[in-house]
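Student: Fold the following and give me the result.
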Amino acid sequence: MTSAAPPAEAPEPVDALRRIAFLLERARAGTYRVKAFRGAVETVIATPREELERRAQEGTLKQLPGIGSSTEAVIAACLNGEQPAYLIDLEAEHGGRLVEGGEAIQAALKGDCHSHSDWSDGGSPIQEMVATAMELGHDYLVLTDHSPRLKVANGLTAARLTQQLGVIDTINKHLGGQFTLLKGIEVDILDDGTLDQSEEMLRQLQVRVASVHSKLKMAKAPNTQRMLGAIAQPWTNILGHCTGRLIQGDRGTRAPSQFDAQAVFEACAEHDVAVEINARPERSDPPDDLLELARDIGCLFSIDSDAHAPGQLDLQQYGCARAEAAGIPPERIIDTWETERLIEWASAKIR
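Tutor: Numbering: from 1, shown residues only. Below you'll find the model as predicted:
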């Protein structure tokens, strides 16, 4: 699996705008910069080619909704048969590998088990997440928007999740088997170790990531107990970003939560729950010592981008490099499994 390829010489305006947005997202640029290009894509798609060409000649592209100086220059260059200068600069700065190492593991990956769309706190429609995942060479993507109690992230109620499942069915029907969007959730682990969604809804999903998002400063003993409770739930497939730490980025830093890692990872091994290697650089979770402990205990792993925008799907590179450095064999990484094997594994405990 490789990074999405840059467009050929003289790309179409839509392709250039999408590539620019992708590169900005994988570089974790400000949301406002990315939205300008994603919004311009919608405008270009909705505008007849003849009108675009006429406006480019007249210098009136900026009269179209969502078109500013930067996006106007990109569109005009493409229509003139040129590679946009902004795209050339971005390719030079952000078009290469994000990190050295992990290439063999990345090549073995079949998909990504943790991603978000604009149905919760992601920045792009489901269809754009799917298109980018396909361009990256994935066979599947698990859509894991948040559960209802995480209101700050616009978590999905049962009713909204039901609606989303219908959208996923429609997308998969349209794709005709060339790619699979899997039904998933990032479900909150509540204080008592239960999961923030009904069993009826969890049963309809294919992959479930269980994560702690609240009371991250809980004392070690009760925090351990709530994590053990969640791991023992038959619905839990992946333990997401287990420490909750933040080590860089716009949100600042946050110390890792405290829990008995030996007990938690032994429970993961016992209950066939994968430990997530969260690839986001601001998380890089679990830390190296815990990653090695989970390796030695015999846990399965899931290298996940936790993408909140299409370009962030490529952040898996960071997780692959960490897995390689820790000596984790690819066969213990569930993202390397074929789609049907992943679905079978994830559903085995709820039959």
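Student: for the lowest-mean-pLDDT helix or strand in the chain, packing partners?
Tutor: When each helix and strand of the chain is scored by mean pLDDT, DSSP states H and E, helix 31-46 comes last, with a mean of 93. Secondary-structure packing of helix 31-46 (3 or more C-beta pairs under 8 Å, 6 or more residues apart in numbering; DSSP states H and E): helix 13-26, helix 69-79. The way it works is simple: take the backbone N, C-alpha and C, and place the C-beta from them, glycine included.
Student: Quick check: which of these is buried the most?
Tutor: Most buried of these, by mean neighbour count (mean count of other C-beta atoms under 10 Å): helix 13-26, with a mean of 24.
Student: can you give me the angle that one makes with helix 31-46?
Tutor: Relative orientation of helix 13-26 versus helix 31-46 (axes from the mean of the first three to the mean of the last three C-alpha atoms, to 10 degrees): 160 degrees.
Student: Remind me what helix 13-26 packs against, helices and strands.
Tutor: Using 3+ C-beta pairs under 8 Å, 6+ apart: helix 13-26 touches helix 31-46, helix 69-79, helix 85-94.
Student: ranking those by burial, who's on top?
Tutor: Scoring the helices and strands packed on helix 13-26 by mean neighbour count under mean count of other C-beta under 10 Å gives helix 69-79 as the most buried, with a mean of 20.
Student: C-alpha coordinates for it, CSV please?
Tutor: This file holds the C-alpha atoms of helix 69-79, laid out as CSV (Å, rounded to 0.1, in the frame of the first residue of the first chain):
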residue,chain,number,x,y,z
SER,A,69,-7.3,33.8,-4.6
SER,A,70,-5.4,30.6,-3.9
THR,A,71,-8.1,28.3,-5.4
GLU,A,72,-8.6,30.6,-8.3
ALA,A,73,-4.9,30.3,-9.2
VAL,A,74,-5.0,26.5,-9.0
ILE,A,75,-8.1,26.2,-11.2
ALA,A,76,-6.8,28.7,-13.8
ALA,A,77,-3.5,26.9,-14.1
CYS,A,78,-5.2,23.5,-14.6
LEU,A,79,-7.5,25.0,-17.3
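Student: C-terminal to whichever strand in the chain runs longest, which secondary structure element comes first?
Tutor: Longest strand in the chain by number of residues, with DSSP state E as the criterion: strand 180-188. Going down the chain from strand 180-188, the next helix or strand is helix 199-203, by DSSP states H and E.
Student: For the chain, which segments are assigned as strands?
Tutor: Taking DSSP E as the test, the strands found in the chain are 111-112, 140-143, 180-188, 207-211, 238-239, 274-278, 301-304.
Student: Indicate which one of the ones you listed is closest to Met129.
Tutor: strand 140-143 (6.6 Å; C-beta to C-beta).
Student: Paired strands for that closest one, with orientation please.
Tutor: Here strand 140-143 is paired, per DSSP bridges, with strand 111-112 (parallel), strand 180-188 (parallel).
Student: Single out the most deeply packed of these.
Tutor: Most buried among the strands paired with strand 140-143, counting by mean count of other C-beta under 10 Å: strand 111-112, with a mean of 29.
Student: tell me the helices in the stretch 201-350 of the chain, going along the chain?
Tutor: Using DSSP state H, counting those that start in this stretch, the helices found in the stretch 201-350 of the chain span residues 220-232, 261-271, 288-297, 316-325, 339-347.
Student: For Ala279, find the nearest of those.
Tutor: helix 316-325 (3.2 Å).
Student: Go ahead and name everything in contact with stretch 264-275.
Tutor: Outside stretch 264-275, the residues that touch it by C-beta atoms under 8 Å, 6 or more residues apart in numbering are 224, 227-228, 231-232, 236-239, 242, 286, 290-291, 293-294, 297-302, 334, 345, 348-349.
Student: One more: stretch 34-54?
Tutor: 13-14, 17-18, 20-21, 24-25, 61, 64-68, 70-71, 74-75, 79, 123-124, 128, 309, 311.
Student: From the recorded domain assignment, give the ranges for the chain.
Tutor: According to automatic domain parsing, the chain comprises the domains 13-94, 103-350.
Student: Next, the distance between the ends of the shortest one.
Tutor: Distance across domain 13-94, first residue to last, is 20 Å (C-alpha to C-alpha, to the nearest Å).
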